[in-house]
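Student: build me a structure from this.
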Amino acid sequence: MFSTDAELFFLPPRTQPVAGKSGVLYLLRRDIDLCMGIDPTTQQRVSYQALWPGAMAILAGIDLLAKFFAGSDATGQVSQRFRDFLDFLKWPATDRKVIYQLRNSLLHSFGLYSQDQNGKV
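Tutor: Model (predicted):
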């Protein structure tokens, strides 16, 4: 069914899951839909939302795509990869550091507190 790993990776979230064949980005995008109150298969509204976990999943998705964009998953390079990918997406330069700090505070601390290497809160 899938001719390349890239096709599996970028499989649209509207596609029905195939047993044993699920790319990470595909699953993440389906989870984002559900967290935002949308059935990932039918695109119909559901009666619940989980907005903070949805925001966390979006930020994790940016992280994942940044790894592929950089062609590296090297430790100690997360911040640079993340911000470089935001640059590629044409996010304003003034927002990149803030979005990265939001990513850190949600994904590592499950809150809205973050402190950078220079001690800035």
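Student: these two touch, right, Arg83 and Arg103?
Tutor: No - using C-beta atoms under 8 Å as the test, Arg83 is too far from Arg103 to be in contact (10.3 Å). Every C-beta, even on glycine, is put in place using the N, C-alpha and C of the backbone.
Student: looking at these two, which is more packed in?
Tutor: With other C-beta atoms under 10 Å as the criterion, Arg83 and Arg103 differ in neighbour count, and Arg103 comes out ahead with 21 against 17.
Student: find the helix or strand that that one is a member of.
Tutor: Following DSSP states H and E, one finds Arg103 within helix 93-109.
Student: tell me the buried residues in stretch 63-72?
Tutor: If you call a residue buried by 16 or more other C-beta atoms under 10 Å, then stretch 63-72 has these buried ones: 63-67, 70.
Student: need those in CSV (columns: distance to Cys35 and secondary structure).
Tutor: What follows is the buried residues of stretch 63-72, written out as CSV (distance: C-beta to C-beta, whole Å; DSSP: H, G, I helix; E, B strand; the rest coil):
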residue, distance to Cys35, secondary structure
Asp63, 16, helix
Leu64, 16, helix
Leu65, 18, helix
Ala66, 20, helix
Lys67, 22, helix
Ala70, 26, helix
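Student: any buried residues in the least confident helix or strand in the chain by mean pLDDT, and which?
Tutor: Of all helical and strand segments in the chain, the minimum by mean pLDDT, DSSP states H and E falls on helix 5-9, at a mean of 75. Within helix 5-9, the residues that qualify as buried are Leu8, counting by 16+ other C-beta under 10 Å.
Student: ok, and what's touching the next helix-or-strand element following it?
Tutor: For helix 5-9, the succeeding helix or strand toward the C-terminus, using DSSP H and E, is helix 24-35. Applying C-beta atoms under 8 Å, 6 or more residues apart in numbering, the set of residues contacting helix 24-35 from outside is 8-13, 15, 17, 39-40, 43, 46, 49-51, 53-54, 57-58, 60-61, 64-65.
Student: now with 7 Å, please.
Tutor: Counting contacts by C-beta atoms under 7 Å, 6 or more residues apart in numbering, the residues outside helix 24-35 that touch it are 9-11, 13, 40, 49-51, 53-54, 57-58, 60-61, 64.
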